[in-house]
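Student: okay, predicted coordinates and the sequence, questions at the end:
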Amino acid sequence: MNNAIALAIVATLGCTTFVSAQNGTTTSTTAVPAGKERISLAAIEINATMIVPTGVKAIEETYSYYISGENFVISVESAYDMTLEKLKAEIAANPDKKLLSTKAHSVIFKETMMGREMVHFESYVEIDGKLYRFYDKRVSPLTIEQVTPLCEAVETIQPL
């Protein structure tokens, strides 16, 4: 397989595992799609990187941590004793919540509050032995189209 074609396939698929046709070895490659960039989370005291839309930054503000940019805000905190499995059980037990999607570290769910439907995402990622919670700010009702890119960005986190 021509290297240019292989690179185009990886760029098109985003995060993928690809097998080299030249020597048959498997390489884990995380390509950065157009309009996105890999950022360090060091500014919020996390030893990892993630792929986000261009211009999004990791920000610390008065004991609060965010990954923020235009139409993109993820809140970050220590997870303490909460886990993804506990969250799924909490959603299943609440008639006002409905699980919409599950990923490796995340869930997207719908919640009805005061007669309004809103969609949220929440993720739990362990980095350097610490469990972190990543979630939407929950200050205004969001749609699945708004939370999906946030959730997908968290799924690209790679510890250093």
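Tutor: Right, received. Where do you want to start?
Student: as a check, name the ranges of all helices in this structure.
Tutor: Per DSSP state H, the chain carries helices over the ranges 3-13, 84-93, 144-154.
Student: so which bits of the last one are buried?
Tutor: Within helix 144-154, the residues that count as buried by 16 or more other Cβ atoms under 10 Å are Q146, V147, T148, P149, L150, C151, E152, A153, V154. Every C-beta, even on glycine, is put in place using the N, C-alpha and C of the backbone.
Student: can I get the residues you listed in JSON lines with distance to T54 and pLDDT?
Tutor: Below are those laid out as JSON lines (distance: Cβ to Cβ, whole Å; pLDDT from 0 to 100):
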{"residue": "Q146", "distance to T54": "18", "pLDDT": "93"}
{"residue": "V147", "distance to T54": "19", "pLDDT": "94"}
{"residue": "T148", "distance to T54": "18", "pLDDT": "94"}
{"residue": "P149", "distance to T54": "13", "pLDDT": "94"}
{"residue": "L150", "distance to T54": "15", "pLDDT": "95"}
{"residue": "C151", "distance to T54": "19", "pLDDT": "95"}
{"residue": "E152", "distance to T54": "15", "pLDDT": "95"}
{"residue": "A153", "distance to T54": "12", "pLDDT": "96"}
{"residue": "V154", "distance to T54": "17", "pLDDT": "96"}
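Student: test my guess that V52 contacts E70.
Tutor: No - using Cβ atoms under 8 Å, V52 is not in contact with E70; the gap is 11.1 Å.
Student: neighbour-wise, which of those two wins?
Tutor: The residue with more neighbours, out of V52 and E70, is V52; 25 against 9, by other Cβ atoms under 10 Å.
Student: and for A31, the neighbour number?
Tutor: For A31, the count of nearby residues is 19 (other Cβ under 10 Å).
Student: how much space between it and I51?
Tutor: The spacing between A31 and I51, counted by Cβ to Cβ, to the nearest Å, is 9 Å.
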